[in-house]
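Visitor: coordinates for the following, if possible.
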Amino acid sequence: MAGKGSVGIVGLGIMGGTFARHLIEAGWSVIGYDVDAGCRERAGALGVTLAAGNQDLARRAEIILVVVPKPQALDDVVTDLVVAEAGPRIVVEMGTFSLATKQAAAARLQAAGHAMLDCPVSGTGAQARNKDLVVFVSGDPAVSQRVMPVLAGFARQAEHVGPLGNGTRMKLVTNHLVACHVAAAGEAIALGIKSGLDPAQVLKMAMAGAADSRMLHLRGPMMVANSYDGPNISARTSILMKDVCTIGELADDLNCPMPVLNAVKTLFAAAMATGHADHDPASVCAVSEAIAGVKR
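Guide: The predicted structure is shown next:
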């Protein structure tokens, strides 16, 4: 396939590494960097051209995807991009952080002559592998149009949702539903088991009827198997808990009551406290089973 151009990716973990693979397969040249040596090694095996660091990457790629898990990591990346003294760059920030974190990053980059888009992703690692992701693109419309061909290389859908910050707002609203759906599924399966039903049949019948949801398909099998670790993990409870807290902060700022989310937060906090922080969020089912006194 003829080359389409170069794309930089900072963060080559579960999501960023998968983005890189899809982009390479679609004909893009990918320049990448990650602070983790293992991630760099795996990305290099995929065909990613490894940069010496974020500053080196900034000098070599005009469009840079930033796929890092924590606000401090984003702040470190922005610092590197600002001091790199590269020409004007388009920075596509794809994490799920607070509005304040995104806006601060955008302001620093703009002051250095760069343009930032706020582009969180809806979907799990498993969905990323299948290019079954949705990207909420927000920021300058003209700049957004320039990155759409890149996003099409690894996402099922990318849609411009308004000015910078609306991507984060949209992601937090949709992640509210994700968290609540996962917790509700775990509670329902615990109820089914305690009432004497086969959990596999509970899942089968739920997916066949009006109770079906994407979360049931992604995480129901883990709940049935009572297994929340290993190669099938699609995210980590600690990451979803971070998102739940960020959603709560936005709601507090808007004086928007969240009684359902608050109940869900308690369940995920219990999952974190009982050894499931690095397990898939489907492990919230184990919490509901413990509360109900369910014995497998």
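Visitor: the closest residue to Ala111 other than its chain neighbours sits in which helix or strand?
Guide: Residue nearest to Ala111 in three dimensions, not counting chain neighbours: Val82, with 7.8 Å by CB to CB, 6 or more residues apart in numbering. (Each C-beta comes from the backbone N, C-alpha and C, glycine too.) Using DSSP states H and E, Val82 maps to helix 71-83.
Visitor: the residue nearest to Ala111 reaches Arg108, doesn't it?
Guide: Yes - in this structure Val82 lies within contact range of Arg108 using CB atoms under 8 Å: 5.9 Å.
Visitor: what's the helix or strand for Gly38?
Guide: helix 37-46.
Visitor: buried set for the helix or strand containing Thr168?
Guide: According to DSSP H and E, Thr168 maps onto helix 166-194. By neighbour count on 16 or more other CB atoms under 10 Å, the buried set for helix 166-194 is 166-172, 175-176, 178-190, 192-193.
Visitor: pLDDT of it, averaged?
Guide: The average pLDDT within helix 166-194 is 97.
Visitor: elements contacting the helix or strand immediately after it in the chain?
Guide: Remark: after helix 166-194, the chain's next helix or strand is helix 199-208, criterion DSSP H and E. Applying 3 or more CB pairs under 8 Å, 6 or more residues apart in numbering; DSSP states H and E, one finds that helix 199-208 contacts helix 166-194, helix 214-225.
Visitor: which stretch among those helices comes nearest Met241?
Guide: Ranking the helices and strands packed on helix 199-208 by their distance to Met241 (criterion: CB to CB) puts helix 166-194 first, at 8.7 Å.
Visitor: circling back to that earlier point, the helix holding Gly38: what's the following helix or strand?
Guide: strand 49-50.
Visitor: what lines up beside that following strand in the sheet?
Guide: strand 29-33 (parallel) (DSSP bridges).
Visitor: could I get the strand it pairs with in CSV with only the CA atoms?
Guide: Extracted in CSV, the C-alpha atoms of strand 29-33 (Å, rounded to 0.1, in the frame of the first residue of the first chain):
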residue,chain,number,x,y,z
SER,A,29,4.4,5.6,8.7
VAL,A,30,4.3,5.6,12.5
ILE,A,31,7.0,7.2,14.7
GLY,A,32,6.5,6.3,18.4
TYR,A,33,7.8,6.7,21.9
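Visitor: off-centre distance for it?
Guide: Centroid separation for strand 29-33 versus its chain: 20 Å, with CA atoms, centre = their mean, to the nearest Å.
Visitor: what's the angle from that strand to helix 37-46?
Guide: Counting by axes from the mean of the first three to the mean of the last three CA atoms, to 10 degrees, strand 29-33 points 170 degrees away from the direction of helix 37-46.
Visitor: strand 29-33: which residues count as buried?
Guide: Ser29, Val30, Ile31, Gly32, Tyr33.
Visitor: can you redo these as TSV with pLDDT and distance to Leu133?
Guide: Listed next are these as TSV, based on pLDDT from 0 to 100; distance: CB to CB, whole Å:
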residue	pLDDT	distance to Leu133
Ser29	97	21
Val30	98	17
Ile31	98	21
Gly32	98	18
Tyr33	98	22
